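Visitor: starting from these lines, generate the structure:
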Amino acid sequence: MKENENVWNQAKTTKELTSQVSTVLIDLGWLLTTAESCTGGNLASALCAEKNTASFFGTGVVTFNNEAKHKVMGVNNATLEKYTAVSSQTVGEMAQGALELADADISIAISGYAGPDGGEDGTPAGTVWFGWSFRGEVTTAVQHFTGECEDVIEKAVRYALSELLRQIPHWKKQLH
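Guide: Modelled structure (predicted):
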């Protein structure tokens with residue numbers, strides 16, 4: 001694997017990733033929640049296809065417009081106005097809001113432009129921001145995916161799961 005190649009570009013399918021996530025989270029006794037926008041519930045759907053889903057996943061929320069992000073996830077209107085819905089700041093607040101809503105250990109938040117259009121501010125289609133929160137510690141990242149809308153959604157789901165798996169060892173160390 002090339003040094004700069006993203007984890008999600010490896011030959012792992014969404015099914016393989018959700019299986020790994022379920023096994024690890026069940027072993028650790030951690031509960032996951034999701035807050036999705038451009039992926040429209042595809043991450044939650046993939047997680048729900050695993051056996052023993054209720055043992056590691058309790059809540060999945062889709063908030064597509066700014067009003068829903070504010071009302072349901074608790075994203076500040078000032079954040080949405082200043083940074084837009086597709087930003088590090090917004091997914092960070094979505095991740096925190098999901099964690100609080102679900103009383104979970106870990107959250108994943110996703111907001112972006114899957115396509116075919118990008119943002120009114122010139123942000124290109126395929127731009128997706130991610131947020132992960134582990135008991136209040138938030139990490140965010142952005143990816144620029146290529147392909148049709150469905151391809152971007154699938155890549156975003158795989159990336160979110162891959163990064164979750166990559167971060168778990170760091171979070172485990174914090175507990176010891």
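Visitor: helices along this protein, start to end?
Guide: Secondary structure of the chain, counting by DSSP state H: helices at 14-28, 42-48, 66-73, 77-83, 88-102, 149-174.
Visitor: turn these into JSON lines, including mean neighbour count, distance to Ile108 and mean pLDDT.
Guide: All C-beta spots, glycine's among them, are computed from the backbone N, C-alpha and C. Formatted as JSON lines, the entries for the helices of the chain read as follows, by neighbours: other C-beta atoms under 10 Å; distance: least, C-beta to C-beta, whole Å; pLDDT from 0 to 100:
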{"stretch": "helix 14-28", "mean neighbour count": "17", "distance to Ile108": "10", "mean pLDDT": "95"}
{"stretch": "helix 42-48", "mean neighbour count": "21", "distance to Ile108": "7", "mean pLDDT": "98"}
{"stretch": "helix 66-73", "mean neighbour count": "17", "distance to Ile108": "13", "mean pLDDT": "97"}
{"stretch": "helix 77-83", "mean neighbour count": "14", "distance to Ile108": "18", "mean pLDDT": "97"}
{"stretch": "helix 88-102", "mean neighbour count": "23", "distance to Ile108": "7", "mean pLDDT": "97"}
{"stretch": "helix 149-174", "mean neighbour count": "18", "distance to Ile108": "5", "mean pLDDT": "94"}
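Visitor: columns distance to Gly112 on top of those helices, output as CSV?
Guide: As requested, the helices of the chain are arranged in CSV below (distance: least, C-beta to C-beta, whole Å):
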stretch, distance to Gly112
helix 14-28, 17
helix 42-48, 12
helix 66-73, 13
helix 77-83, 13
helix 88-102, 9
helix 149-174, 7
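Visitor: Tyr113 is nearest to which of these?
Guide: Across the helices of the chain, Tyr113 has its closest neighbour in helix 149-174 (8.2 Å, C-beta to C-beta).
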